[in-house]
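*Asks:* Fold the following.
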Amino acid sequence: MDYTKKILYQSNYWYNDGLRRAQIRDMSGAVVSLRRSLQYNRENIAARNLLGLVYYGTGEVAEALVEWIISKNFRPRDNIANEYIRKVQASANELEVINQAVKKYNQCLGYCQQNGEDLAIIQLKQVITSHPTFLKGYQLLALLYLHTGQYARARQILRTARKLDTTNETTLRYLHELTRQRTKKGRKADRKKKEDAVEYSLGNETIIQPKHSALKEIANHLAVANIFIGAAIGAAIIWFLVAPAVNQSKSERMNSQMREYSETITALEAQVSAQTRTLENYRTAGEETEADAQQAETTQESYENLMTVSDQYNSGEYRYATMADTLINVNRNVLGDSGKALFDELSAEIYPTACESYYETGTEALSSENYEDAIDALGKVVRMDEGYSDGGAVYSLAQAYLGNGDRENAASYFQKVIEDYPDSEYAQDAQTNYDSISSQGSQDDGGTDSGDSAEDTEDPGTE
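*Replies:* Here you go, the predicted model:
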């Protein structure tokens with residue numbers, strides 16, 4: 001019975017965690033938590049129904065229906081999954097639109113393999129228009145924009161994708177790559193401007209003048225612009241003479257189509273109102289919403305730092321100490337499985353060399369009584385590898401704090417050496433220093449008490 005209670009408790013714990021994540025649109029994290037909940041108890045109806053809603057919120061309608069149907073089989077009656085399924089089945093038009101959008105998305109994957117990026121972009125625009133919550137469609141369209149150098153459009157699409165799922169690893173990777181490409185493009189533009197200009201001095205003044213080739217290029221552009229201006233004037237004349245009658249006919253047809261679209265949209269809104277209300281309830285801020293939002297921000301920062309270190313390591317142009325300064329700010333616990341694997345791989349490559357460098361710097365600073373630099377360097381070593389040098393890093397950090405007058409931190413790290421490394425060569429000295437700090441604290445407290453007693457003794461004598 002105790003084992004069963006523990007299993008049910010774990011299932012409910014992960015369900016509540018998934019609910020909190022769904023409230024702040026951390027859909028990827030919500031899926032992971034809810035799947036863990038179902039691993040402990042596959043008959044957790046609330047977790048399974050919520051998992052279906054999360055899938056539905058990111059455009060994965062088929063996966064949502066699968067979860068709701070399984071939930072219905074476990075509990076045929078008094079189950080809100082019956083209402084979800086009925087609403088989705090009742091909206092046949094919407095299901096057909098979603099089905100066509102998924103088919104077009106699969107076609108776009110084929111276009112990409114055949115180097116048909118332009119055709120894939122056109123079709124993906126139709127996909128996200130007809131299925132506006134289809135996260136994979138936004139991500140593929142953003143990737144194509146990045147591949148074709150359309151960075152402004154890529155950023156706009158990725159912002160929409162991030163609203164659908166704030167911590168999706170694929171979206172965050174594309175945003176990081178977008179920032180890196182835009183930075184590289186800006187540097188190339190600056191170099192080209194310098195190459196296209198001639199700089200010379202006239203008296204006390206420096207004059208920058210474009211090269212003749214640049215002037216010729218500007219003249220060519222002006223000629224082309226004049227051609228386009230002439231064409232635009234001709235088109236304007238045709239527009240004012242011929243277009244009014246054509247526009248009136250088009251306007252009538254558009255009004256008719258707009259009425260039909262309006263009726264269709266009204267019907268669809270009525271059909272999905274139940275799902276929308278349910279999702280809005282999950283998005284309502286609770287007591288822990290602010291903390292969860294902060295956790296989502298921490299997750300994003302950790303992923304960005306991890307991607308930065310990965311790029312630096314692959315470039316081979318950065319020192320291990322520099323990369324370690326960024327990597328120690330990554331919170332491994334908030335990363336996904338692939339993120340944790342990348343973190344472990346990078347830390348295994350970077351930390352040993354960085355620890356050796358910082359340990360040498362810290363011990364030299366300690367020997368020269370430069371305690372603040374010693375605390376900074378040795379503190380980094382302890383954060384990367386607490387057991388470095390069989391407790392030597394912790395012991396040296398304690399000495400640095402003691403030399404800097406911070407007896408509280410010094411005592412804390414001396415105690416850590418005593419408890420965690422009792423067989424090391426530093427344990428005996430750590431015990432001696434710890435006892436000395438403790439006795440000094442007792443003497444300070446006792447000295448204050450004796451001083452008060454002396455004053456009390458002197459008062460009668462004065463009288």
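*Asks:* Could you give the average pLDDT over the helix or strand harbouring L144?
*Replies:* Using DSSP states H and E, L144 sits within helix 135-147. Average pLDDT, helix 135-147: 89.
*Asks:* Equivalent analysis for stretch 319-339, please.
*Replies:* Rounded mean pLDDT across stretch 319-339 is 88.
*Asks:* which residues sit against it?
*Replies:* Identification of contacts with stretch 319-339 by CB atoms under 8 Å, 6 or more residues apart in numbering yields 28, 32, 169, 295, 298-299, 301-303, 305-306, 308-309, 312-313, 340, 343, 346-347, 350-351, 353-354, 357-358, 380, 383-384. For glycine as for every other residue, the C-beta is placed from the backbone atoms N, C-alpha and C.
*Asks:* can we see that at 7 Å?
*Replies:* With CB atoms under 7 Å, 6 or more residues apart in numbering as the test, stretch 319-339 has contacts from 169, 295, 298-299, 302-303, 305-306, 308-309, 312-313, 340, 343, 346-347, 350-351, 353-354, 357-358, 380, 383-384.
*Asks:* Name only those of the residues you listed that count as buried.
*Replies:* Among the contacts of stretch 319-339, those scoring as buried are 169, 295, 299, 302-303, 305-306, 308-309, 312-313, 343, 346-347, 350-351, 354, 357-358, 380, 384 (criterion: 16 or more other CB atoms under 10 Å).
*Asks:* quick revisit: chain center to the helix holding L144: distance?
*Replies:* What separates the centre of helix 135-147 from the centre of its chain is 17 Å, taken as CA atoms, centre = their mean, to the nearest Å.
*Asks:* Packing partners of that helix?
*Replies:* helix 92-113, helix 117-130, helix 151-164, helix 169-195 (3 or more CB pairs under 7 Å, 6 or more residues apart in numbering; DSSP states H and E).
*Asks:* Compare the ones you listed and report which one is nearest to P76.
*Replies:* Of all the helices and strands packed on helix 135-147, it is helix 92-113 that lies closest to P76, at 23.0 Å by CB to CB.
*Asks:* per-domain residue ranges of this structure.
*Replies:* When the chain is parsed with automatic domain parsing, its domains come out as 2-90, 96-201, 318-443.
*Asks:* Distance check, the closest residue in space to E169 that isn't next to it in sequence against E360.
*Replies:* Once flanking residues are discounted, E169 sits nearest to G336: 5.7 Å by CB to CB, 6 or more residues apart in numbering. Distance check for G336 against E360: by CB to CB, to the nearest Å, it reads 35 Å.
*Asks:* The two: who's more crowded?
*Replies:* Applying other CB atoms under 10 Å to G336 and E360 shows that G336 carries more neighbours, namely 16 against 12.
*Asks:* Now do the contacts for K380.
*Replies:* By CB under 7 Å, 6+ apart, the contact set of K380 is I328, Y358.
*Asks:* Oh, that last question was meant for V31, not what I typed.
*Replies:* V31 sits next to L51, V54 when contact means CB under 7 Å, 6+ apart.
*Asks:* would it count as being in a helix?
*Replies:* Yes. Looking at V31 with DSSP: H, G, I helix; E, B strand; the rest coil, it is inside a helix.
*Asks:* which SS state does the residue nearest to T133 when sequence neighbours are not counted fall under?
*Replies:* Of all residues not flanking T133 in the chain, G59 sits nearest, at 4.2 Å (CB to CB, 6+ apart). Three-state call for G59 (three-state DSSP): coil.
*Asks:* Now do the same contact list for G59.
*Replies:* Going by CB under 7 Å, 6+ apart, G59 touches H131, T133, F134, L135.
*Asks:* can you redo these as CSV with neighbour count?
*Replies:* Shown next, in CSV, are those (neighbours: other CB atoms under 10 Å):
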residue, neighbour count
H131, 22
T133, 15
F134, 23
L135, 23
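*Asks:* residues in contact with the residue positioned nearest the centre of the chain?
*Replies:* For the chain, Q300 is the residue whose C-alpha lies nearest the centre (CA atoms, centre = their mean; 2.3 Å). Contacts for Q300 were tallied using CB under 7 Å, 6+ apart; they are T167, L172.
*Asks:* any idea how far N168 is from it?
*Replies:* Computed as CB to CB, the Q300 to N168 distance reads 10 Å.
*Asks:* cool, and A321?
*Replies:* Applying CB to CB, the value for A321 to N168 is 32 Å.
*Asks:* Of these two, give the one with the bigger neighbour count.
*Replies:* Set side by side, A321 and N168 show more neighbours around N168, with 22 against 17, by other CB under 10 Å.
*Asks:* What residue, apart from its backbone neighbours, is nearest that one spatially?
*Replies:* Counting by CB to CB, 6+ apart, the residue nearest N168 is S28, at 4.9 Å.
*Asks:* unless I'm mixing things up, that neighbour is touching T171, no?
*Replies:* No. The criterion here is CB atoms under 7 Å, and S28 misses it with T171 at 9.0 Å.
*Asks:* Give the residues shared as contacts by those two.
*Replies:* Listed as contacting both S28 and T171 by CB under 7 Å, 6+ apart are D165.
*Asks:* can you pull the buried residues of the helix or strand hosting D376?
*Replies:* According to DSSP H and E, D376 maps onto helix 371-384. Residues of helix 371-384 classed as buried: Y371, A374, I375, A377, L378, G379, K380, V381, V382, M384 (neighbour count, 16+ other CB under 10 Å).
*Asks:* For stretch 429-445, the averaged confidence score.
*Replies:* Averaged over stretch 429-445, pLDDT sits at 83.
*Asks:* how about N41, phi and psi?
*Replies:* Dihedral angles of N41 (phi, psi; degrees, to the nearest 10) stand at phi -150, psi 100.
*Asks:* Near it, how many residues? Count them for me, please.
*Replies:* Neighbourhood size, N41 [other CB under 10 Å]: 19.
*Asks:* likewise A92?
*Replies:* A count of neighbours around A92, defined by other CB under 10 Å, yields 10.
*Asks:* which residues touch V382?
*Replies:* A393, V394, L397.
*Asks:* Give me the distance between it and Y401.
*Replies:* Counting by CB to CB, the gap from V382 to Y401 is 11 Å.
*Asks:* Which pLDDT does the model give the closest residue in space to A400 that isn't next to it in sequence?
*Replies:* Counting by CB to CB, 6+ apart, A400 lies nearest to A374, which is 4.0 Å off, once chain neighbours are set aside. For A374, the pLDDT comes out at 91.
*Asks:* Surely I227 is in a strand?
*Replies:* No. Per three-state DSSP, I227 lies outside any strand segment and is helix.
*Asks:* State the distance from Q113 to N106.
*Replies:* Using CB to CB, Q113 is found at 11 Å from N106.
*Asks:* now swap in E177 and tell me
*Replies:* According to CB to CB, E177 stands 24 Å off from N106.
*Asks:* residue contacts, S310?
*Replies:* Residues near S310 by CB under 7 Å, 6+ apart: L342, L346.
*Asks:* Work out for me the element it sits within.
*Replies:* Under the criterion of DSSP H and E, S310 resides in helix 289-315.
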